[in-house]
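Q: heads up, no residue letters with this:
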């Protein structure tokens, strides 16, 4: 696999002694040091902060894994971040998110709601994801519906998930990180 298309050099894990601690944390949380982290390691402080924040978003919130992965997949589609999408399909499947829903998201059309493919909660979170990703601003009416449905902590966590994965996808696309 050629990585010459990536717009900054990769840091090969284990080659920079000063990175041992952050690499160990990444390995502990992720099980491997992916291409994304090999790019991030060019800036140890960014790599460290990124790992901490994304670990919190992915592993330390009350957002159910299937909904979190749905949000991540939708952000990836909207931002044309194929690397992110492909990386999260296995996580979505493991979390019980149905292949037919993944296919609808990949096609860019979660309007599969019309055939009952998505639940009302999923549609609400997809609407939030679309608004935050496309428009940045979220209408008060949408926030009101989120607050009526979810506890404040869950609202903060789903908004943080959308925001964090917009950061991830935009980083991946900007630096042309792909397989």
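A: Perfect, I can see it now. Just so we're clear, the structure is a prediction, and the values are computed from it rather than from any experiment.
Q: Determine the longest helix present in the chain.
A: Ranked by residue count, the top helix of the chain under DSSP state H comes out as helix 152-174.
Q: Run through who's touching that one.
A: 7, 36, 53-54, 57, 61-63, 67-68, 71-72, 75-76, 79-81, 83-84, 125, 128-129, 132-133, 138, 143, 146-147, 150, 177-178 (Cβ atoms under 8 Å, 6 or more residues apart in numbering). Where C-beta positions appear, they are placed from N, C-alpha and C, glycine not excepted.
Q: Report the mean confidence score over that helix.
A: The pLDDT scores in helix 152-174 average 98.
Q: List the buried residues for it?
A: Neighbour-count burial for helix 152-174 flags 154, 157-159, 161-162, 164-166, 168-169, 171-173 (criterion: 16 or more other Cβ atoms under 10 Å).
Q: re earlier: looking at the contacts of helix 152-174, which are in helices?
A: Per DSSP H, helices hold the following members of the contacts of helix 152-174: 36, 53-54, 57, 67-68, 71-72, 75-76, 83-84, 125, 128-129, 143, 146-147.
Q: Just the buried residues of these.
A: So, by 16+ other Cβ under 10 Å, the buried ones in those are 36, 54, 57, 67-68, 71-72, 75-76, 83-84, 125, 128-129, 146.
Q: Distance-wise, check residue 42 relative to residue 70.
A: Noted for residue 42: a distance of 31 Å to residue 70, by Cβ to Cβ, to the nearest Å.
Q: Which one's more surrounded, these two?
A: residue 70 (27 against 15; other Cβ atoms under 10 Å).
Q: wait, isn't the more buried one in contact with residue 123?
A: No: applying Cβ atoms under 8 Å as the test, residue 70 and residue 123 come out as separate, 10.4 Å apart.
Q: Could you list the single helix or strand in the chain with the lowest mean pLDDT?
A: Using mean pLDDT, DSSP states H and E, helix 99-106 stands out as the lowest-scoring helix or strand of the chain, at a mean of 92.
Q: chain center to it, what's the gap?
A: Relative to the centre of its chain, helix 99-106 is centred 16 Å away, using Cα atoms, centre = their mean, to the nearest Å.
Q: can you check stretch 54-63 too?
A: Chain-centre distance of stretch 54-63: 11 Å, with Cα atoms, centre = their mean.
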